[in-house]
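K.L.:
Got a sequence here, can you build the structure:
(2 chains)
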Amino acid sequence: MYAQMVKTAGTGVKKPSEMTAQERDFQAKIDRNEKIEPKDWMPDDYRATLIRQIGQHAHSEIVGQLPEGNWITRAPTLERKAILLAKVQDEAGHGLYLYSACETLGVSRDELLDMLHQGKMKYSSIFNYPTLNWADIGAVGWLVDGAAIMNQVQLQKTSYGPYARAMVRICKEESFHQRQGYSIMMKMATGSKAQQAMAQDALNRLWFPSLMMFGPPDKDSVHSAQSMAWRIKINTNDELRQRFVDQTMPQMEYLGLTCPDPSVKWNEDKGGYDYTDPDWDEFFAVLRGNGPCNTERMAARVDAWDNGAWVRDGLMAHANKKAARVAAE
Amino acid sequence: MSNEWPLWEVFIRGQHGMSHRHVGSLHAPDAEMAIKNARDVYTRRNEGVSIWVVEAANIAASSPSEKGPLYEPSNSKVYRHPTFFNIPDDVGAM
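P.N.:
Next up, the predicted model:
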């Protein structure tokens, strides 16, 4: 999920007459739906934009482990704990697939992590919201992973081969994430009055932040045209957001929960729901670093990296020593 | 920063009788850890019965610019395909 507000490099979509022969060939290849592979020629701006987008996507998977990891030790049953553990492990895997895809563009893993830790690269705004209780784990799986799937399914068709292949793997696993979340919500929504209230409260807090995951409204997405021409973005932010609302409302009705947006209403004419956009000022504030958990999330990542250095160095030293012994024999 | 673990390419045999297929890559200090990490990253759902890891630096790859010289010669050799030859139906399956 999880790539929002990726700044597209370059000066906008070029007309064929403004392109070099190489650029024209490249664009023709994308228009024929052929994949671009790591060793193929590509414009510098395509490369730079993809590094930002895939990097942000990878960072989101890794930082996204934190709000859920928060509840592993406090899951209500052993089964729920094992499930949550498996889900959080999947997120680590998703981050790794994406970092690997990003590295094929010529950036190193350490450089990517360094940029995250220095605040030069972002991760999805959603992970700067807290998970206050167990119902939030249900709502995160249902809504946040649901929104992620919406975004990732279309990215399986993206033009960059390694990114598209990572997306295929991720999409296969993501459906488990959403279902386990919905299963928690079903349990709570049919539970005691207190549990039902918790489920409603989690929905109330996470609904608008989930809508923010698709990024700002199309009228403010100034960089979309080039990314769409390059097929590293397939659908617009508003298209995906609409699709998400349309898919989620019946699921919410099944749970017997009430949408925190009172204006949500089925619109027969457009064949979709009308809804209210989230508060975009809040969205930009969270992106700038002023969300409820930005500081905590970054501190946790930097701590993990810094405090893990001795393990990484130790294992490398051991591997070098063993290799030297073999060479000496 | 300078001490980044090397990159390994991971190949997995999905089931008995199939060949190993490239599934992705990962970083690890040595081959043993690369296999352990590959187990965790690429076979969480019974995707494999065997893992190969190769340090990425040891892989030699053809270059996209050689596509013409490498693959075009076979374009004209259609007789390499069985469908090039018309065998009468009376002969039976062949």
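
K.L.:
Neighbours of A:Leu255, how many?
P.N.:
A:Leu255 has 20 neighbours, counted by other Cβ atoms under 10 Å in any protein chain shown. Heads up, the C-betas are built off the backbone N, CA and C, glycines and all.

K.L.:
Could you give the number of residues near the residue lying closest to it once chain neighbours are set aside?
P.N.:
Nearest residue to A:Leu255 in three dimensions, chain neighbours excluded: A:Ala189, at 4.2 Å (Cβ to Cβ, 6 or more residues apart in numbering or on different chains). Per other Cβ under 10 Å, the neighbour tally for A:Ala189 reads 21.

K.L.:
try B:Ser76
P.N.:
Using other Cβ under 10 Å, the number of residues around B:Ser76 comes to 7.

K.L.:
And the helices in chain A?
P.N.:
Ranges of helices in chain A, per DSSP state H, are A:21-31, A:44-63, A:65-69, A:78-103, A:109-117, A:134-139, A:145-155, A:161-189, A:193-212, A:224-229, A:237-255, A:280-285, A:294-307, A:309-328.

K.L.:
and B:Glu9, which of those is closest to it?
P.N.:
Across the helices of chain A, B:Glu9 has its closest neighbour in helix A:78-103 (9.5 Å, Cβ to Cβ).

K.L.:
Next, the angle from that closest one to helix A:145-155.
P.N.:
30 degrees (axes from the mean of the first three to the mean of the last three Cα atoms, to 10 degrees).

K.L.:
Any part of helix A:78-103 near chain B?
P.N.:
Yes: judged by Cβ under 8 Å from any Cβ of the partner chain, helix A:78-103 and chain B are in contact via A:86, A:89-90, A:93, A:96-97, A:100, A:103.

K.L.:
Please name every helix or strand in contact with that helix.
P.N.:
helix A:44-63, helix A:65-69, helix A:109-117, helix A:161-189, strand B:20-27, helix B:31-42 (3 or more Cβ pairs under 8 Å, 6 or more residues apart in numbering or on different chains; DSSP states H and E).

K.L.:
now the angle from it to helix A:109-117?
P.N.:
Between the axes of helix A:78-103 and helix A:109-117, defined by the same axes, to 10 degrees, the angle is 110 degrees.

K.L.:
Pull out the buried residues from helix A:78-103.
P.N.:
A:80, A:83-84, A:87-88, A:90-91, A:93-103 (16 or more other Cβ atoms under 10 Å in any protein chain shown).

K.L.:
what's the average pLDDT for it?
P.N.:
Helix A:78-103 shows a mean pLDDT of 96.

K.L.:
cool, stretch A:298-310 as well?
P.N.:
Stretch A:298-310 shows a mean pLDDT of 97.

K.L.:
Next, the residues that contact that stretch from outside, please.
P.N.:
For stretch A:298-310, contacts defined as Cβ atoms under 8 Å, 6 or more residues apart in numbering or on different chains pick out A:62-63, A:66, A:113, A:116-117, A:119.

K.L.:
Repeat that for stretch A:189-198.
P.N.:
Counting by Cβ under 8 Å, 6+ apart, A:133-135, A:187-188, A:199, A:255-257 sit against stretch A:189-198.

K.L.:
same question, stretch A:256-263
P.N.:
A:185, A:189, A:196, A:199-200, A:203-204, A:207-208, A:249, A:252, A:274-276.

K.L.:
how about a cut-off of 10 Å?
P.N.:
A:139, A:185-186, A:188-190, A:196, A:199-208, A:211, A:245, A:248-249, A:251-253, A:264-265, A:273-278 (Cβ atoms under 10 Å, 6 or more residues apart in numbering or on different chains).

K.L.:
Please convert the buried members of these into PyMOL selection syntax.
P.N.:
Only the buried members of those enter the following PyMOL selection, criterion being 16+ other Cβ under 10 Å:
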select buried, chain A and resi 139+185+186+188+189+196+199+200+201+202+203+205+206+207+208+211+245+248+249+251+252+264+273+275+278
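
K.L.:
how far away is the closest residue in space to A:Gly272 that isn't next to it in sequence from chain B?
P.N.:
Once flanking residues are discounted, A:Gly272 sits nearest to A:Asp246: 4.9 Å by Cβ to Cβ, 6+ apart. Applying Cβ to the nearest Cβ, to the nearest Å, the value for A:Asp246 to chain B is 30 Å.

K.L.:
okay, now A:Asp246: neighbour count?
P.N.:
For A:Asp246, using other Cβ under 10 Å, the count is 15.

K.L.:
Strands of chain B, residue ranges please.
P.N.:
For chain B, the strands defined by DSSP state E cover B:7-13, B:20-27, B:50-55.

K.L.:
For chain A, find the nearest of the ones you listed.
P.N.:
Chain A lies closest to strand B:20-27 among these, at 4.6 Å (Cβ to the nearest Cβ).

K.L.:
Please identify the buried residues of the closest one?
P.N.:
Neighbour-count burial for strand B:20-27 flags B:23-27 (criterion: 16+ other Cβ under 10 Å).

K.L.:
Mind listing the strands it pairs with, and their directions?
P.N.:
Paired neighbours of strand B:20-27 in the sheet (DSSP bridges): strand B:7-13 (antiparallel).

K.L.:
who touches the strand it pairs with?
P.N.:
Residues from elsewhere that reach strand B:7-13 (Cβ under 10 Å, 6+ apart): A:100, A:103-104, A:108-109, B:18-28, B:30-31, B:33-35, B:37-39, B:41-43, B:47-59.

K.L.:
Tabulate the strands of chain B in a markdown table, adding columns for mean pLDDT.
P.N.:
Shown next, in a markdown table, are those (pLDDT from 0 to 100):
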| stretch | mean pLDDT |
| --- | --- |
| strand B:7-13 | 97 |
| strand B:20-27 | 95 |
| strand B:50-55 | 97 |
